[in-house]
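J.: Fold the following, please.
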Amino acid sequence: MHFVPRLFLPLFCLLFIGCSLSPNELRTAERIMENHPDSALHILQQMSPKRYKSESNHALYGLLLFQVLDKNDKKLQPDSLIDFSIKYYQHQNDNPHLATCYFYKGHIFRLAQRYDEATVMYLKSLDCLQNKNDFALMGKIYADMGDICSIQKDYKEALKKYQLSVDCYKHANKTIDASYIILDIGRTFHFAKNYKTALQYYRHALSQTADSMLRGAALQEIGINYYYSKKYDSAQYYLRQSLRYPYKSTNYAIRCFTLADLFFDIAQYDSAYQYASIALKYRATFFIQRESYRILVNVEYLRKDIKQMGKYMQQYQIYTDSIRKIESQTKSTVLESLHNTSVETNKTKQQNTLITWLAILVIGTSIFIYYLLNKRSKHEKHINEQQFSQQKLSIHKEVVLKHRVALLYKIETIKGEQAIERKKASPLEKEQLDKKLYNHLVHLDDPVFFFREMDTILNNLVSKLNSMDKGITSKEMTWCCLHLLNIPGPDILVLLDYKAQSLIKLKQRLAQKINLANTYELNDFLDGMLFEE
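T.: Numbers count the residues shown, from 1 in each chain. The predicted structure is shown next:
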């Protein structure tokens, strides 16, 4: 009779231990997060992930913390927590939790304006959500992807993503979230200068709910829309109304900056200065910060305070450089195309593997047939890899071509604007204008930044030349980059401070260093490096 208690005692202990693996605090925070996010945040902040010996609890803590930080509009940190959760759920093949982790990692990248990395994370999250019904999460993903497309001025794709987000939020019965995306759709039409349609969407969103946060955002967008329509009285009215409502993210800075811009346009410079200064005190994008400094520079210029104007001008240039780096990022649509191609390639590989194993299972004893099927599989794999490589190369060529065309267009545009000044200028003054122009566009006066940008635009050309270990000089590398950007020959002479004969000698030395028979082979050699994988 003593056998029964002895048997049940260890089972009871195991059951107790199993029940205690997920702490009560985690379960409580998860349960109340939706309706009481502030209380959930308080619970989690009183806890430390280090107390959890169980990796599953550690991973869940990181995921819950990021969810509740997002709901409370707090900064998502530290990265190490969500990175741990991603690794754990990857190892466990837990796609539902992994999808959420990928979303928050992407959200971190988006807030840091690292849009290419954010897009990759969002696509991974969607892969994990295939055939799932987590419409709320999909609504967030498509909303963020729409924001990125809109920032990158791909308005048609942005509208597609926003509409997908609205549909998902409606499936999830999240009316307020859907209304915010309707505002984003209106904003996209505004960016495309379709102000009438934009206003219709703003008013539609405003009619959906009495939520004070959304009303403030809607009034903000209506005011901005009237401002760009040059209806200044209406714009000022709605923007001032929006300041009375609560806000999240960068909205308050946007409202103050737009008011500052409006007041500058109507020559109320003190008010413009005041609101631009306020905008800089709140969370804002690089663009809002740069444009706020633009207003401060212009006001100080009118006040003739050259010293203060110089300080603001320095800040304006810093944010201009930051925006330029953001604009050089690979577009979201390109990354999505590459991702989808990769997914299709992987699907094809999986199908081929399945076919091979089925053939082995069915035919088993026939080695000859197995050999033929395996050979066929390898051949198809090779073809798919070639197609993927060709598509990737085609995309890269298109990117290089767009950079060339865009740069040459900017050069011609600026020279056109300087036509009168150039006509009156001496040859030396023209050279100085050209140097200033190119320093502004490609930062030739900052070799580190210039070569880093050239690596990005020209398929790692600078790194490849350096890796050859041929003693290629900075001047020679600069010529290679300018040549591949199709910069006019006379401009290259000015930028390198060379005469025509000196440039010929530079090419000859460069050809000898890389073992070419003559300088005529340089073009083919550089084009080959530019478009190789």
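
J.: Now do the longest helix seen in the chain, average pLDDT.
T.: Ranked by residue count and defined by DSSP state H, the top helix of the chain is helix 367-417. Across helix 367-417, pLDDT averages out at 78.

J.: And D434, how far from L530?
T.: Noted for D434: a distance of 25 Å to L530, by C-beta to C-beta, to the nearest Å. C-beta: built from backbone N, CA, C; applies to glycine.

J.: need the contact list for L69.
T.: 41, 75-77 (C-beta atoms under 8 Å, 6 or more residues apart in numbering).

J.: again, 6 Å this time
T.: L76 (C-beta atoms under 6 Å, 6 or more residues apart in numbering).

J.: Look up which helix or strand it falls in, please.
T.: helix 55-71 (DSSP states H and E).

J.: ditto for L503
T.: Counting by DSSP H and E, L503 is part of helix 500-513.

J.: Name the SS class of I487, please.
T.: Following DSSP: H, G, I helix; E, B strand; the rest coil, I487 is assigned to coil.

J.: Distance-wise, check it relative to L408.
T.: 8 Å.

J.: okay, stretch 298-315 in PDB with CA atoms only?
T.: Extracted in PDB, the C-alpha atoms of stretch 298-315 (Å, rounded to 0.1, in the frame of the first residue of the first chain):
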ATOM      1  CA  ASN A 298      16.100  82.100 -43.100                       C
ATOM      2  CA  VAL A 299      14.700  84.000 -40.100                       C
ATOM      3  CA  GLU A 300      18.200  84.700 -38.800                       C
ATOM      4  CA  TYR A 301      19.200  85.900 -42.300                       C
ATOM      5  CA  LEU A 302      16.400  88.300 -42.300                       C
ATOM      6  CA  ARG A 303      17.400  89.500 -38.800                       C
ATOM      7  CA  LYS A 304      21.000  89.800 -40.200                       C
ATOM      8  CA  ASP A 305      22.300  87.700 -37.300                       C
ATOM      9  CA  ILE A 306      25.000  86.000 -39.400                       C
ATOM     10  CA  LYS A 307      26.700  84.200 -36.500                       C
ATOM     11  CA  GLN A 308      23.500  82.500 -35.400                       C
ATOM     12  CA  MET A 309      22.600  81.800 -39.000                       C
ATOM     13  CA  GLY A 310      25.900  80.000 -39.400                       C
ATOM     14  CA  LYS A 311      25.200  77.700 -36.400                       C
ATOM     15  CA  TYR A 312      21.800  76.800 -37.800                       C
ATOM     16  CA  MET A 313      23.200  76.300 -41.300                       C
ATOM     17  CA  GLN A 314      25.700  73.800 -39.900                       C
ATOM     18  CA  GLN A 315      22.800  71.800 -38.400                       C
END
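
J.: Okay, buried residues for that stretch please.
T.: 298-300, 309, 312-313, 315 (16 or more other C-beta atoms under 10 Å).

J.: Can you list the low-confidence ranges for the stretch 101-250 of the chain?
T.: 131 (pLDDT under 70).

J.: re earlier: how far is the helix holding L69 from where the chain is centred?
T.: 24 Å (C-alpha atoms, centre = their mean, to the nearest Å).

J.: Break the protein into its domains for me.
T.: Domain segmentation of the chain under automatic domain parsing yields 347-417, 424-533.

J.: Out of the ones you listed, name the one with the poorest average pLDDT.
T.: What stands lowest among the domains of the chain, in mean pLDDT terms, is domain 347-417, with a mean of 77.

J.: re earlier: minimum distance to L98: which of the domains of the chain has it?
T.: L98 lies closest to domain 347-417 among the domains of the chain, at 19.0 Å (C-beta to C-beta).

J.: Nearest to the spatial middle of the chain, which residue is it?
T.: Y115 (0.7 Å; C-alpha atoms, centre = their mean).

J.: roughly how far apart are the closest residue to that one other than its chain neighbours and I185?
T.: In space, and not counting its chain neighbours, Y115 is closest to I148: 4.7 Å by C-beta to C-beta, 6 or more residues apart in numbering. Remark: distance between I148 and I185 (C-beta to C-beta) = 15 Å.

J.: which one of I487 and L408 has more residues nearby?
T.: Between I487 and L408, counted using other C-beta atoms under 10 Å, the more crowded position is I487 (19 against 14).

J.: backbone phi and psi for the more buried one, please?
T.: Main-chain dihedrals, I487, degrees, to the nearest 10: phi -70, psi 130.

J.: Over to K470?
T.: Per degrees, to the nearest 10, the backbone of K470 is at phi -110, psi 10.

J.: show me what contacts it?
T.: Per C-beta under 6 Å, 6+ apart, neighbours of K470: 513-514.

J.: Against I222, how distant is it?
T.: Counting by C-beta to C-beta, the gap from K470 to I222 is 61 Å.

J.: just A99 next, same as before
T.: 35 Å.

J.: can you check K381 too?
T.: Taking C-beta to C-beta, one finds K381 at 55 Å from I222.

J.: Those two: which is more packed in?
T.: I222 (25 against 15).

J.: Can I get the helix or strand hosting the more buried one in PDB? Just the C-alpha atoms.
T.: Using DSSP H and E, I222 sits in helix 212-228. Extracted C-alpha coordinates of helix 212-228, given in PDB (Å, rounded to 0.1, in the frame of the first residue of the first chain):
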ATOM      1  CA  SER A 212      -9.000  62.000 -29.500                       C
ATOM      2  CA  MET A 213      -5.600  60.800 -30.700                       C
ATOM      3  CA  LEU A 214      -7.000  60.100 -34.200                       C
ATOM      4  CA  ARG A 215      -8.900  63.400 -34.300                       C
ATOM      5  CA  GLY A 216      -5.800  65.300 -33.600                       C
ATOM      6  CA  ALA A 217      -3.900  63.400 -36.400                       C
ATOM      7  CA  ALA A 218      -6.800  64.000 -38.800                       C
ATOM      8  CA  LEU A 219      -7.000  67.800 -38.000                       C
ATOM      9  CA  GLN A 220      -3.200  67.900 -38.500                       C
ATOM     10  CA  GLU A 221      -3.400  66.300 -41.900                       C
ATOM     11  CA  ILE A 222      -6.300  68.600 -43.000                       C
ATOM     12  CA  GLY A 223      -4.300  71.600 -41.900                       C
ATOM     13  CA  ILE A 224      -1.200  70.400 -43.800                       C
ATOM     14  CA  ASN A 225      -3.400  69.800 -46.900                       C
ATOM     15  CA  TYR A 226      -4.900  73.300 -46.800                       C
ATOM     16  CA  TYR A 227      -1.400  74.700 -46.400                       C
ATOM     17  CA  TYR A 228      -0.100  73.100 -49.500                       C
END
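
J.: Can you name every helix or strand that it contacts?
T.: Judged by 3 or more C-beta pairs under 6 Å, 6 or more residues apart in numbering; DSSP states H and E, helix 212-228 is in contact with helix 175-191, helix 195-208, helix 232-242, helix 251-265.
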